[in-house]
Every structure is written in structure tokens, then in C-alpha cells.
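Show me how the following folds:
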Amino acid sequence: MSSGFSAILIAYGVIVALLFLFQRSLIYFPSSHRPQPADHGVPEVTVQALESADGLELLAWYRAPQKPDAPVMVYFHGNAGHIGYRGSKIRPYLDAGYGVLLLSWRGYSGNGGSPSEEGLYADGRAALAFLGAEGISPSRWVLYGESIGSGVAVELARAQAHGGSPVGAVVLESPFTSLEDMAVFHYPWIPMRWLMRDHYDSLSKIAAIAAPLLIIHGERDRIVPLSNARQLAEAAALSSEPSEMRVIEGAGHNNLYDFAAPRVVIEFLGDIFP
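Numbers count the residues shown, from 1 in each chain. Okay, the predicted model is just below:
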């Protein structure tokens, strides 16, 4: 074996090792800034401190529904920034009279802890426990998952259905089939399926959510291919619950709300919660 080829193998091995050791720093991009609602266009929400099962205090913004039968959107945000960046995104749902609970993950928005798949599931369960304590039935919960939050929304909807208390609806924005699929897409020359610690395998779970489903995805998404959303929609069609997929023309991964996304979501939910 030549010295040049050996050097290439060593370099490749180092890259693989680094990707394994530091993979979560390539998945999660939290901001530690603790935003205030008024600074992000939603002064009517109240600041809540939720507690996860493992004892972390989590920042959340909440406004109760404006009518007794209105839905409550539980917004699970994506992998970057803080919840303040989603203030403009929840604005249309507040204006529609929905309740909104916008949760910040561990490690984000000044929360303690570090993000991981199991950690985000625990955080999501804390949000649902809060709504239960508020006396809001799961049948009125709308689990909204943005990008990596879609994996949390699918898992929690599946768990609710398995426990006999299905949620009212699920909305997935720019969802992926699994984190392994994303890793392979972005690093095709690395055996990422063998390296991943976090999975978010929505494709294997989505048919079991037992709730009406809307998937919205940008036509020009270069981070999560549109084919991922199509695979999820096909898998969801195996369920007896109604599902819908809407491709937002001209939109990419992060700018669906510059297009028609809020109107699409509100129209969908209007058919479920008239």
C-alpha cells in the first residue's frame, strides 16, 4: 500500500471519527438568547416555564384559545435560532383565534441542557402535559412540526394514538423521512447510517399517528428534498385518517411563510375545527 493511499485512508478515518463525535453540533444550532414576546411581534402571549421529566426548565410562550372549541397549536420549532424567530410565524394563528404554545427546546433560548432526540421528545411531552393541566383535550391539539420539529410532532402524535388519546391534527413543515436519510443526502461519501445517534424516523411512524395530517414543503427546498415529503405522504396514506400534501411553489426550506403557507394551514384546520 502506497504512503499516499495510506494518508488518504487516515484522513478519511479522522473525518469519520470527527463526524461521529461532533455530529450533534452539525444537527443543532441553538441560540442562547432569551427573547421577549413584545420584541418579536406577539405581545399578547405569556411567558411560561415548563418542566421536563428530567428536571429542566423550558421557556415557552402561550396564549389560550379565544373560543372554547378553538384548537391549540403546539409549535415545535426547527434546529436553529430561538423561539423569537418564530414570532412572525405564529402571528397568523393568533389572529385566527387559535391557542398557541410555542416551546423552546433544551439548549435553546437560554434553557439548560443539550439537545438530542430523546431530549426533544421529553421537552415535547412537557408541552403536552402543560396543555393537559390547562384542561385542553388532546382532540383539540394541533401538533405543528417545523423541520426537525416534525420528527417530534410525529413521535408524540404516534404515542398519543397508541395511548388511546389521539391529537386533533398534525401539520408538518419541511419534514424529512429520517435523520439518517438527511445525513446520507448531505454526506453521501460517509457511512452515516452507522454513525447516527439521533434518528427521528418519521417514515416508520407516520401511518400510526391516527390524526388528520397536512404536509407543506417548499418546491425549491435544497436542505430537505421534496422527495422526503412525498414519501411521508405516501406512507401516511396507509392510515384511515385524511392526509394532504401541499407543495409551495417558489419556496425553499426556510421561507414558506413568505408564500402561502399560513393560508394553507388555516384552511386545512378550518375543515377540522369549523
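
Which of the three states applies to the closest residue to Ala60 other than its chain neighbours?
In this structure, Ala60 finds its nearest non-sequential neighbour in Gln48, 4.4 Å apart by CB to CB, 6 or more residues apart in numbering. Where you see a C-beta, it was placed from the backbone N, CA and C, and this is true even at glycine. Assigned by DSSP: H, G, I helix; E, B strand; the rest coil, the conformation of Gln48 is strand.

what do you get for the one 5 residues further on?
Ala53 falls in the coil class when you classify it by three-state DSSP.

Could I get the contacting residues of it?
Going by CB atoms under 8 Å, 6 or more residues apart in numbering, Ala53 touches 122, 125-126.

Thr46 contacts Ala38, correct?
No - Thr46 is beyond contact range of Ala38, at 11.6 Å (criterion: CB atoms under 8 Å).

on that earlier part again, please name the residues that touch the residue nearest to Ala60.
Contacts of Gln48 by CB under 8 Å, 6+ apart are 59-62, 101, 130.

Show me the residues you listed that map onto helices.
Judged by DSSP state H, helices contain the following of these: Phe130.

how about the contacts of Gln48 in TSV, adding distance to Leu269?
As requested, those are exported to TSV (distance: CB to CB, whole Å):
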residue	distance to Leu269
Leu59	25
Ala60	21
Trp61	19
Tyr62	18
Leu101	15
Phe130	21
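
tell me which of the contacts of Gln48 is nearest to Leu232?
The shortest approach to Leu232 among the contacts of Gln48 belongs to Leu101, at 23.8 Å (CB to CB).

give me the number of residues near that closest one?
Neighbour count of Leu101, defined by other CB atoms under 10 Å: 26.

quick one on the thing from earlier: check the gap between the residue nearest to Ala60 and Glu155 for me.
22 Å (CB to CB, to the nearest Å).

Please apply the same query to Ser109.
21 Å.

thinking again about what came up before, just the closest of the contacts of Ala53 to Pro212, please.
Arg125 (21.6 Å).

Wasn't the closest one part of a helix?
Yes - Arg125 sits within a helix when classified using three-state DSSP.

I'd like to know how far it sits from Ser239.
Counting by CB to CB - Arg125 and Ser239 are separated by 22 Å.

Before I go, just wanted to say thanks for your time.
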